[in-house]
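> got a structure for you, letters missing:
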């Protein structure tokens with residue numbers, strides 16, 4: 001991807017026409033930059049907010065579609081190497097049937113686990129309208145947070161990008177550690 005200064009210059013020059021595709025790929029820092037540009041009067045804040053929310057949702061649907069329809073195009077032995085056997089897919093479907101909303105929200109808020117969770121929702125064949133509704137509920141406050149952050153402190157976008165990366169990494173570590181603890185507890189209960 002381009003450097004942040006280049007992204008800021010592209011968005012300042014081309015406005016929403018370039019903001020939408022860039023926000024589709026890399027949402028949080030692009031949202032901060034666009035909101036900062038809006039605070040300087042170079043863009044309309046409401047348009048920026050609407051575009052970044054829609055781009056985030058569209059990106060989520062693309063990842064969902066990859067899980068729902070793309071993975072099935074892989075040869076069966078590749079799916080098995082990925083651990084996508086019938087039993088696992090059934091368990092995944094059951095999980096998203098009962099805890100899908102919570103899983104999606106956690107995935108969206110941690111940012112680092114988001115792509116895997118979105119693909120998993122597609123693999124689990126979570127109903128698309130439910131998927132979009134839950135993602136909308138999680139996307140709006142997340143996007144508004146980054147718009148507010150950019151509007152107020154966007155001139156420090158390089159430092160904010162570093163903070164986003166660090167927080168995402170810490171949240172991923174917490175998720176992995178929590179998952180390992182859960183697996184260990186489950187295995188110890190089965191052995192007892």
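All right, it came through fine. Being a predicted model, the structure only gives us computed values, none of them experimental.
> just give the nearest non-adjacent residue to the residue nearest the centre of the chain, would you?
The chain has residue 114 as the residue nearest its centroid, 4.0 Å off, counting by CA atoms, centre = their mean. What sits nearest to residue 114 in space, not counting adjacent residues and going by CB to CB, 6 or more residues apart in numbering, is residue 107, at 4.7 Å. C-beta here means a position set from N, CA and C on the backbone, and glycine is covered the same way.
> I figured the one you found was touching residue 118, is that so?
Yes - here residue 107 reaches residue 118: they are 6.6 Å apart, a contact under CB atoms under 8 Å.
> for residue 85, which residues are in contact?
Remark: with contacts taken as CB atoms under 8 Å, 6 or more residues apart in numbering, residue 85 is in contact with residue 79.
> likewise the one 10 residues further on?
Contacts of residue 95 were listed using CB under 8 Å, 6+ apart, and they are 103, 124.
> gap between it and residue 63?
Using CB to CB, to the nearest Å, we find residue 95 at a distance of 17 Å from residue 63.
> what is the neighbour count of residue 136?
When neighbours are counted by other CB atoms under 10 Å, residue 136 registers 13.
> give me the buried positions along whichever helix or strand it is part of.
Using DSSP states H and E, the element containing residue 136 is helix 128-153. Residues of helix 128-153 classed as buried under the neighbour-count rule (16 or more other CB atoms under 10 Å) are 131, 134-135, 138-139, 142-143, 146-147, 149-151.
> chain neighbours aside, what residue packs nearest to residue 44?
Spatial nearest neighbour of residue 44, excluding adjacent residues (CB to CB, 6+ apart): residue 38 at 6.5 Å.
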